[in-house]
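S.K.: The following comprises the amino acid sequence and a computationally predicted model.
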Amino acid sequence: MPKKSPPRSRSLSLEPLEPEEFRRTFKLPPGKRLSAKFPKRSLESAGEARAALRKWQDALPLPTPVRNPDVRIKSVRLNRQALKKLHAVAQSEVAPAEILRQKLTAGSLFGTLHSALTAYEFMKMQAEYKRRKAGRGPYQKTEEEWRQVVQAARMAYTAAGLSSITEKDLSSFVKELSADRNYLNTVIRLADTALPSGEGTTLTARTRAVASLVSVHDKFIDDSALLISIRDLCSKPLTQGQFTKHFSYSLSLSVNITYWCPTWTNPFRTCTKKVTLAGVSFSLGVNVGYEISCCGATVWGQAGAQVCATILGISVCASCTATIIGVAGVSRTPVSSGCLYGLGINATLKCSLFGQNILNISYPFGWTVAGPCPPFGLCPGVVVAADAG
């Protein structure tokens, strides 16, 4: 079973794109027409048909993981305005839209997060320094170790492109961080979400802090039933039509980031961790076109949507695409009124922010068509007499 995603996120408001704009924006080829035949052998019950669909869904592979390129961090001088923006993003249920609303680029988002986490680490080292000074340990050793901590903190900011930071600057960052309890709690919560995602290194003059958005790859098995009745399914060569399929998925928006993670005895330590910013739910509807008979079907579909903002004269978007990528005939089940035909349709839902992928899932779902059973000889290999008996 795929893991469940965060339940409380409300859906990001995406603006659907018209076909021409979609092709121009995403530069994707037209949705491919995919065909499949229904099985020659009939199943005996609706339960067997559901089991056949689930077997097909389970057998589909996960999408290939996407590793977004690392971006060099340009840290910021921490102040309450920067913290206010970070707090707004972290508190939002639609973080990508809030990032755009706060006029944050990838660089300013990563830079603010880096500066806040580094200041918080320095705050903890300050508290340890005060505790050791108040204790009975050797005073000179404590002062020497503190100077190492300060040097390491300055190097941490230099590694993120912010040089010439002094101890006074570091103390002012801590003061800004602690001035508003809500902002401080947000940074503490972000730090508490951090999980190792790479190798730790020793901070040197050559260290460069980097960050990237984390891409979620998964397979979401849709158990909902989609049933369409087509009375003349077998009397025409092909019945044409379309239906709208809605895809949705909730995830935690996370950042892989390299930042300072000192201990008192190892102040020159850096870590690469996955920090969770907030939750968000994406949803997108695609018109699934089809041509179907009682022998088989052809399906296709592609859609895109986005929400954009203009930042420093550059249009930055959070965007999603949904594409039908596979189809299989999974069942043909005689019932009292005719036959139930089961199709499995596989789609992908991909979403990005700042041009980096943040969601790449497959979404296999079932479609059942109710209609007459195939007359003798219409579908090669189908044994009609067995169906009737």
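M.R.: Noted; the coordinates are in hand.

S.K.: any idea which element Ile165 lies in?
M.R.: For Ile165, there is no enclosing helix or strand under DSSP states H and E.

S.K.: residues touching it, list them.
M.R.: 153-154, 157-158 (CB atoms under 8 Å, 6 or more residues apart in numbering). From N, CA and C alone the C-beta is placed, and that goes for glycine too.

S.K.: try Pro96
M.R.: By CB under 8 Å, 6+ apart, the residues touching Pro96 are 12, 253, 280, 307, 318, 353, 358.

S.K.: Among the residues you listed, which one lies nearest to Val335?
M.R.: Val335 lies nearest to Leu12 out of those, by CB to CB, at 41.0 Å.

S.K.: My understanding was that the closest one contacts Phe282; is that so?
M.R.: Yes - the pair Leu12 / Phe282 is scored as a contact, 5.8 Å apart, by CB atoms under 8 Å.

S.K.: Compare the two (neighbour count), which wins?
M.R.: Phe282 (26 against 23; other CB atoms under 10 Å).

S.K.: so where do the helices sit in the chain?
M.R.: In the chain, the helices defined using DSSP state H lie at 19-26, 46-59, 80-91, 95-101, 106-134, 139-159, 167-179, 181-192, 384-388.

S.K.: Could you pick out the longest strand of this protein?
M.R.: For the chain, the strand reaching the highest residue count under DSSP state E is reported as strand 269-292.

S.K.: Off-centre distance for stretch 289-297?
M.R.: Relative to the centre of its chain, stretch 289-297 is centred 33 Å away, using CA atoms, centre = their mean, to the nearest Å.

S.K.: Could I get the CA-only coordinates of that stretch as PDB?
M.R.: Taking Å, rounded to 0.1, in the frame of the first residue of the first chain, the C-alpha atoms of stretch 289-297 are listed here in PDB:
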ATOM      1  CA  GLY A 289     -10.700  10.900 -24.600                       C
ATOM      2  CA  TYR A 290     -11.700   7.500 -25.800                       C
ATOM      3  CA  GLU A 291     -12.800   5.300 -28.600                       C
ATOM      4  CA  ILE A 292     -14.200   2.000 -27.400                       C
ATOM      5  CA  SER A 293     -16.000  -1.100 -28.700                       C
ATOM      6  CA  CYS A 294     -16.800  -4.400 -27.000                       C
ATOM      7  CA  CYS A 295     -13.400  -5.700 -28.200                       C
ATOM      8  CA  GLY A 296     -11.100  -3.000 -26.900                       C
ATOM      9  CA  ALA A 297     -10.400   0.700 -26.400                       C
END
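
S.K.: Please put the alpha-carbon coordinates of stretch 210-223 into PDB.
M.R.: Taking only C-alpha atoms (Å, rounded to 0.1, in the frame of the first residue of the first chain), the coordinates of stretch 210-223 have been written out as PDB:
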ATOM      1  CA  VAL A 210      23.700  24.200  -1.600                       C
ATOM      2  CA  ALA A 211      20.000  23.400  -1.600                       C
ATOM      3  CA  SER A 212      17.300  21.800  -3.800                       C
ATOM      4  CA  LEU A 213      13.600  21.000  -3.600                       C
ATOM      5  CA  VAL A 214      12.800  17.400  -2.800                       C
ATOM      6  CA  SER A 215      10.800  15.500  -5.400                       C
ATOM      7  CA  VAL A 216       8.200  13.100  -4.100                       C
ATOM      8  CA  HIS A 217       7.800  10.000  -6.300                       C
ATOM      9  CA  ASP A 218       5.000   7.500  -5.500                       C
ATOM     10  CA  LYS A 219       2.200   5.400  -6.900                       C
ATOM     11  CA  PHE A 220      -1.300   6.300  -5.800                       C
ATOM     12  CA  ILE A 221      -3.800   3.500  -6.400                       C
ATOM     13  CA  ASP A 222      -7.300   4.900  -7.000                       C
ATOM     14  CA  ASP A 223      -9.900   2.600  -5.600                       C
END
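
S.K.: Okay, buried residues for that stretch please.
M.R.: Neighbour-count burial for stretch 210-223 flags 210-216, 218-222 (criterion: 16 or more other CB atoms under 10 Å).

S.K.: Contacts only, for Ser178.
M.R.: Ser178 sits next to 123, 184 when contact means CB under 8 Å, 6+ apart.

S.K.: May I have the predicted confidence score for it?
M.R.: The per-residue pLDDT reported for Ser178 equals 96.

S.K.: Now do the same contact list for Ala152.
M.R.: By CB under 8 Å, 6+ apart, Ala152 lies in contact with 203, 260, 262, 267-268.

S.K.: what comes up buried for stretch 332-339?
M.R.: Of all the residues in stretch 332-339, those buried under the rule 16+ other CB under 10 Å are 332-334, 338-339.

S.K.: Endpoints of it, how far apart?
M.R.: 7 Å (CA to CA, to the nearest Å).

S.K.: Quick one: mean pLDDT for it?
M.R.: For stretch 332-339, the mean confidence score works out to 92.

S.K.: what do you get for stretch 129-136?
M.R.: When pLDDT is averaged over stretch 129-136, the result is 88.

S.K.: domains in the chain, as residue ranges please.
M.R.: 15-67+215-252+278-388, 71-213 (automatic domain parsing).

S.K.: For this structure, give me the ranges with low pLDDT.
M.R.: Counting by pLDDT under 70, the chain has low-confidence residues at 1-11, 383-389.

S.K.: May I see the domains of the chain organised as a markdown table, with distance to Thr272 added?
M.R.: Shown next, in a markdown table, are the domains of the chain (distance: least, CB to CB, whole Å):
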| stretch | distance to Thr272 |
| --- | --- |
| domain 15-67+215-252+278-388 | 13 |
| domain 71-213 | 3 |
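
S.K.: before we move on, back to that, ranking the helices of the chain by burial, who's on top?
M.R.: helix 95-101 (a mean of 22; mean count of other CB atoms under 10 Å).

S.K.: So what's the gap between that helix and the chain middle?
M.R.: The answer for helix 95-101 is 14 Å, by CA atoms, centre = their mean.

S.K.: just stretch 122-129 next, same as before
M.R.: Centroid separation for stretch 122-129 versus its chain: 35 Å, with CA atoms, centre = their mean.

S.K.: Check stretch 310-322 too.
M.R.: 16 Å.
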